[in-house]
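Q: make a model of this:
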Amino acid sequence: MPEKGRVLPKRTEAQLSKPGAITTMTNPGIPFSSAEYQRRIALTRVAREQAGLDAIFVTDPSNQEWLTGYDGWSFYFHQGVILGLESEPIWWGRNMDSSGARRTVWMQTDSIKGYGDHY
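A: Residues are numbered from 1 along each chain as shown. Purely as a prediction, here's the structure:
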């Protein structure tokens with residue numbers, strides 16, 4: 001739920017009608033529009049392609065936030081964002097941190113993958 005008095009960015013009809021547009025978000029209170037996150041993903045995919053990679057695993061907390069909006073303090077555990085060829089990014093981290101990911105990332109819930117702490 002957004003803070004009282006906080007104005008959330010509105011997505012325009014043009015943004016929603018673009019092919020491959022992100023039309024829903026897990027967290028409507030994210031700080032940037034769908035179009036901005038798509039722009040960032042596109043720039044990263046160009047760089048990834050130029051490097052000859054099919055996918056990247058982003059582990060730096062600031063880069064995770066830049067790509068997805070993820071804002072968490074559990075960066076001392078294994079976690080990251082997987083960016084492949086076409087689908088939306090996948091946030092991967094501890095199960096207990098996945099609830100924080102659901103509150104802060106723009107991706108759908110099924111793109112948030114948690115692992116257990118039982119080992």
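
Q: any figure for the gap between the residue nearest the centre of the chain and Trp91?
A: Residue closest to the average C-alpha location in the chain (Cα atoms, centre = their mean): Thr68, at 2.2 Å. Separation of Thr68 from Trp91 (Cβ to Cβ, to the nearest Å) stands at 6 Å. C-beta: built from backbone N, CA, C; applies to glycine.

Q: who touches both of these two?
A: Here Thr68 and Trp91 have 81, 105, 107 as joint contacts, going by Cβ atoms under 8 Å, 6 or more residues apart in numbering.

Q: out of those residues, give me the one that has the most neighbours.
A: Most neighbours among these, by other Cβ atoms under 10 Å: Val105, with 29 neighbours.

Q: now do the contacts for the closest residue to it other than its chain neighbours.
A: Nearest non-adjacent residue to Val105, counting by Cβ to Cβ, 6 or more residues apart in numbering: Thr68, 4.4 Å away. Applying Cβ under 8 Å, 6+ apart, we find Thr68 in contact with 37, 81, 89, 91, 104-107.

Q: just those: which are in helices?
A: The members of those that map onto helices under DSSP state H are 37, 104.

Q: any idea which of the contacts of Thr68 is closest to Ile56?
A: Val81 (8.4 Å; Cβ to Cβ).

Q: what segments of the protein are strands?
A: Secondary structure of the chain by DSSP state E: the strands cover 56-58, 80-83, 90-94, 112-115.

Q: let me have these in JSON lines, adding mean pLDDT as columns.
A: JSON lines is the format used below for those (pLDDT from 0 to 100):
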{"stretch": "strand 56-58", "mean pLDDT": "97"}
{"stretch": "strand 80-83", "mean pLDDT": "97"}
{"stretch": "strand 90-94", "mean pLDDT": "96"}
{"stretch": "strand 112-115", "mean pLDDT": "95"}
